[in-house]
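Trainee: only the shape, not the letters, is given here:
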(Lines give C-alpha, C1' and ligand atoms only; values in the text may rest on other atoms or scores of the structure.)
Protein backbone atom coordinates (compact mmCIF):
# COMPACT_ATOMS: atom_id res chain seq x y z
CA UNK A 1 0.00 0.00 0.00
CA UNK A 2 1.29 3.43 -0.92
CA UNK A 3 1.17 6.35 1.49
CA UNK A 4 1.50 10.06 0.71
CA UNK A 5 1.97 13.11 2.92
CA UNK A 6 2.18 16.67 1.64
CA UNK A 7 4.15 19.34 3.49
CA UNK A 8 3.71 23.04 2.72
CA UNK A 9 7.02 24.89 2.95
CA UNK A 10 8.46 28.37 2.48
CA UNK A 11 7.16 31.81 1.57
CA UNK A 12 5.62 30.59 -1.70
CA UNK A 13 3.85 27.70 0.05
CA UNK A 14 5.56 25.13 -2.14
CA UNK A 15 4.50 21.56 -1.40
CA UNK A 16 6.98 18.77 -0.73
CA UNK A 17 5.30 15.40 -1.30
CA UNK A 18 6.60 12.30 0.49
CA UNK A 19 5.52 8.92 -0.88
CA UNK A 20 6.34 5.66 0.88
CA UNK A 21 5.60 1.96 0.78
CA UNK A 22 4.97 -0.80 3.30
CA UNK A 23 8.71 -1.17 3.85
CA UNK A 24 8.96 2.44 5.08
CA UNK A 25 11.19 3.47 2.19
CA UNK A 26 10.30 6.97 1.00
CA UNK A 27 10.68 9.11 -2.10
CA UNK A 28 10.89 12.81 -1.32
CA UNK A 29 9.59 15.04 -4.12
CA UNK A 30 10.63 18.69 -4.27
CA UNK A 31 12.09 19.48 -0.84
CA UNK A 32 11.60 23.20 -1.31
CA UNK A 33 12.32 24.75 2.08
CA UNK A 34 12.46 24.00 5.82
CA UNK A 35 14.63 20.88 5.88
CA UNK A 36 13.93 20.56 9.61
CA UNK A 37 10.18 20.22 9.09
CA UNK A 38 10.60 17.67 6.31
CA UNK A 39 13.09 15.69 8.43
CA UNK A 40 10.64 15.72 11.34
CA UNK A 41 7.96 14.25 9.09
CA UNK A 42 10.30 11.51 7.93
CA UNK A 43 11.20 10.74 11.54
CA UNK A 44 7.54 10.75 12.61
CA UNK A 45 6.79 7.93 10.17
CA UNK A 46 10.16 6.19 10.73
CA UNK A 47 11.02 6.55 7.05
CA UNK A 48 14.27 5.88 5.23
CA UNK A 49 14.82 8.02 2.13
CA UNK A 50 15.18 5.93 -1.03
CA UNK A 51 15.48 8.91 -3.40
CA UNK A 52 14.96 12.62 -3.88
CA UNK A 53 13.13 13.58 -7.07
CA UNK A 54 12.97 17.16 -8.35
CA UNK A 55 10.09 17.91 -10.72
CA UNK A 56 11.99 21.01 -11.84
CA UNK A 57 14.79 23.28 -10.75
CA UNK A 58 13.24 26.46 -9.37
CA UNK A 59 14.68 27.60 -6.04
CA UNK A 60 11.39 27.30 -4.15
CA UNK A 61 11.34 23.57 -4.96
CA UNK A 62 14.91 22.54 -4.11
CA UNK A 63 16.24 24.84 -1.38
CA UNK A 64 16.10 22.16 1.33
CA UNK A 65 17.63 19.43 -0.85
CA UNK A 66 21.30 19.82 0.15
CA UNK A 67 20.58 19.97 3.89
CA UNK A 68 18.28 16.96 3.79
CA UNK A 69 20.71 15.01 1.65
CA UNK A 70 23.50 15.69 4.13
CA UNK A 71 21.38 14.16 6.89
CA UNK A 72 19.85 11.34 4.85
CA UNK A 73 21.93 10.55 1.74
CA UNK A 74 20.11 8.98 -1.20
CA UNK A 75 20.12 9.21 -5.00
CA UNK A 76 18.90 12.50 -6.49
CA UNK A 77 17.12 12.76 -9.85
CA UNK A 78 16.39 15.81 -12.00
CA UNK A 79 16.08 16.51 -15.71
CA UNK A 80 19.39 17.59 -17.25
CA UNK A 81 17.87 20.72 -18.79
CA UNK A 82 17.10 22.05 -15.32
CA UNK A 83 20.17 20.60 -13.63
CA UNK A 84 22.23 22.82 -15.94
CA UNK A 85 21.13 25.95 -14.03
CA UNK A 86 19.38 24.83 -10.83
CA UNK A 87 22.37 25.29 -8.53
CA UNK A 88 23.73 28.46 -10.11
CA UNK A 89 23.83 31.91 -8.57
CA UNK A 90 21.01 33.21 -10.77
CA UNK A 91 18.50 30.70 -9.39
CA UNK A 92 17.47 32.72 -6.39
CA UNK A 93 14.27 34.52 -5.43
CA UNK A 94 15.31 37.32 -3.10
CA UNK A 95 14.55 37.88 -0.32
CA UNK A 96 12.70 34.60 0.07
CA UNK A 97 15.01 31.95 -1.40
CA UNK A 98 18.80 32.09 -1.79
CA UNK A 99 20.51 30.22 -4.60
CA UNK A 100 20.14 26.52 -3.70
CA UNK A 101 23.17 24.67 -2.41
CA UNK A 102 24.23 21.70 -4.52
CA UNK A 103 24.02 18.41 -2.59
CA UNK A 104 27.28 16.55 -2.03
CA UNK A 105 26.75 13.89 -4.65
CA UNK A 106 29.04 12.73 -7.43
CA UNK A 107 26.36 12.44 -10.09
CA UNK A 108 22.68 13.12 -10.46
CA UNK A 109 20.34 10.60 -12.04
CA UNK A 110 18.75 12.20 -15.10
CA UNK A 111 15.00 11.85 -15.27
CA UNK A 112 14.92 11.82 -19.07
CA UNK A 113 17.24 8.81 -19.17
CA UNK A 114 14.31 6.46 -18.55
CA UNK A 115 10.53 6.52 -18.60
CA UNK A 116 10.27 3.69 -16.06
CA UNK A 117 11.78 4.22 -12.61
CA UNK A 118 11.93 2.12 -9.47
CA UNK A 119 13.17 2.91 -5.96
CA UNK A 120 12.67 0.31 -3.23
CA UNK A 121 9.36 -1.29 -4.26
CA UNK A 122 7.90 1.88 -5.74
CA UNK A 123 7.57 2.14 -9.49
CA UNK A 124 6.69 5.28 -11.39
CA UNK A 125 6.87 6.74 -14.87
CA UNK A 126 8.61 9.97 -15.83
CA UNK A 127 6.50 12.17 -18.10
CA UNK A 128 8.55 14.99 -19.61
CA UNK A 129 6.32 18.08 -19.42
CA UNK A 130 8.37 21.15 -20.45
CA UNK A 131 6.83 24.60 -20.47
CA UNK A 132 7.13 25.93 -16.94
CA UNK A 133 10.85 25.14 -17.21
CA UNK A 134 12.73 23.31 -19.99
CA UNK A 135 13.18 20.21 -17.81
CA UNK A 136 9.87 20.06 -15.96
CA UNK A 137 8.62 16.52 -15.36
CA UNK A 138 5.54 14.91 -13.86
CA UNK A 139 5.89 11.56 -12.11
CA UNK A 140 3.08 9.02 -12.48
CA UNK A 141 2.46 6.05 -10.19
CA UNK A 142 0.07 4.18 -12.52
CA UNK A 143 -0.95 1.44 -10.09
CA UNK A 144 -1.80 3.90 -7.32
CA UNK A 145 -3.29 6.48 -9.69
CA UNK A 146 -1.07 9.27 -8.33
CA UNK A 147 0.58 12.04 -10.35
CA UNK A 148 3.22 14.29 -8.79
CA UNK A 149 2.57 17.27 -11.03
CA UNK A 150 5.17 19.84 -9.97
CA UNK A 151 4.31 23.27 -11.40
CA UNK A 152 2.96 21.94 -14.69
CA UNK A 153 -0.66 21.51 -13.58
CA UNK A 154 -2.53 23.20 -10.73
CA UNK A 155 -6.14 22.89 -9.64
CA UNK A 156 -7.89 25.25 -12.04
CA UNK A 157 -4.68 26.60 -13.50
CA UNK A 158 -1.18 25.75 -14.72
CA UNK A 159 2.42 26.84 -14.32
CA UNK A 160 3.59 30.25 -15.47
CA UNK A 161 5.69 30.48 -18.61
CA UNK A 162 7.09 34.03 -18.34
CA UNK A 163 10.23 33.03 -16.42
CA UNK A 164 13.54 32.23 -18.18
CA UNK A 165 13.22 28.99 -20.14
CA UNK A 166 9.42 29.00 -20.04
CA UNK A 167 7.39 28.23 -23.15
CA UNK A 168 3.62 28.61 -23.52
CA UNK A 169 3.66 26.40 -26.61
CA UNK A 170 5.47 23.59 -24.81
CA UNK A 171 3.23 23.87 -21.75
CA UNK A 172 0.14 23.57 -23.95
CA UNK A 173 1.58 20.38 -25.46
CA UNK A 174 2.41 19.03 -22.00
CA UNK A 175 -1.12 19.71 -20.71
CA UNK A 176 -2.57 18.02 -23.80
CA UNK A 177 -0.49 14.94 -22.91
CA UNK A 178 -1.72 14.96 -19.30
CA UNK A 179 -5.31 15.14 -20.60
CA UNK A 180 -4.86 11.62 -21.95
CA UNK A 181 -4.44 10.15 -18.46
CA UNK A 182 -7.42 8.41 -16.82
CA UNK A 183 -10.00 10.63 -15.12
CA UNK A 184 -9.39 9.15 -11.69
CA UNK A 185 -5.64 9.89 -11.58
CA UNK A 186 -5.15 12.23 -8.62
CA UNK A 187 -2.71 15.06 -9.28
CA UNK A 188 -0.62 16.54 -6.48
CA UNK A 189 0.72 19.92 -7.63
CA UNK A 190 3.69 21.86 -6.32
CA UNK A 191 1.35 24.57 -4.99
CA UNK A 192 -2.27 24.44 -3.88
CA UNK A 193 -4.78 21.62 -3.40
CA UNK A 194 -4.77 18.24 -5.12
CA UNK A 195 -7.25 17.45 -7.86
CA UNK A 196 -7.99 14.81 -10.49
CA UNK A 197 -7.32 14.70 -14.21
CA UNK A 198 -11.06 14.30 -14.84
CA UNK A 199 -11.93 17.44 -12.89
CA UNK A 200 -9.24 19.45 -14.65
CA UNK A 201 -10.21 18.19 -18.08
CA UNK A 202 -13.76 19.41 -17.48
CA UNK A 203 -13.13 22.67 -15.62
CA UNK A 204 -9.58 23.91 -16.17
CA UNK A 205 -9.50 26.52 -18.96
CA UNK A 206 -5.90 25.62 -19.78
CA UNK A 207 -6.78 21.97 -20.41
CA UNK A 208 -9.84 22.60 -22.55
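Mentor: In hand now; what should we look at? Keep in mind that this is a model prediction, so the values were computed, not measured.
Trainee: tell me the contacts of residue 144?
Mentor: residue 2 (Cβ atoms under 8 Å, 6 or more residues apart in numbering). For the C-beta atoms, the positions are set from N, CA and C on the backbone; glycine is no exception.
Trainee: per-residue pLDDT, the closest residue to residue 125 other than its chain neighbours?
Mentor: The shortest distance from residue 125 to any non-neighbouring residue, by Cβ to Cβ, 6 or more residues apart in numbering, is to residue 140 (4.5 Å). What the model reports for residue 140 is a pLDDT of 98.
Trainee: which helices and strands does the one helix or strand residue 140 maps to pack with?
Mentor: Per DSSP states H and E: residue 140 is located in strand 137-141. Here strand 137-141 touches strand 122-128, strand 146-150, going by 3 or more Cβ pairs under 8 Å, 6 or more residues apart in numbering; DSSP states H and E.
Trainee: what's it in contact with?
Mentor: 2, 19, 29, 53, 55-56, 79, 111-112, 117, 122-129, 146-150, 152-153, 178, 181, 185.
Trainee: now do the contacts for the residue positioned nearest the centre of the chain.
Mentor: Geometric centre of the chain, nearest residue: residue 55, 3.3 Å, by Cα atoms, centre = their mean. By Cβ under 8 Å, 6+ apart, the contact list for residue 55 reads 29-30, 61, 136-139, 148-152, 190.
Trainee: please enumerate the helices of this protein.
Mentor: Counting by DSSP state H, the chain has helices at residues 35-44, 59-62, 65-71, 80-86, 168-178, 197-203.
Trainee: for residue 161, which of the ones you listed is the nearest?
Mentor: Residue 161 lies closest, by Cβ to Cβ, to one member of the helices of the chain: helix 168-178, at 4.6 Å.
Trainee: ok, and what's touching stretch 117-126?
Mentor: With contacts defined as Cβ under 8 Å, 6+ apart, stretch 117-126 is touched by 2, 19-23, 25, 27, 50-51, 75, 77, 111-112, 114-116, 137, 139-143.
Trainee: fine by me, thanks again.
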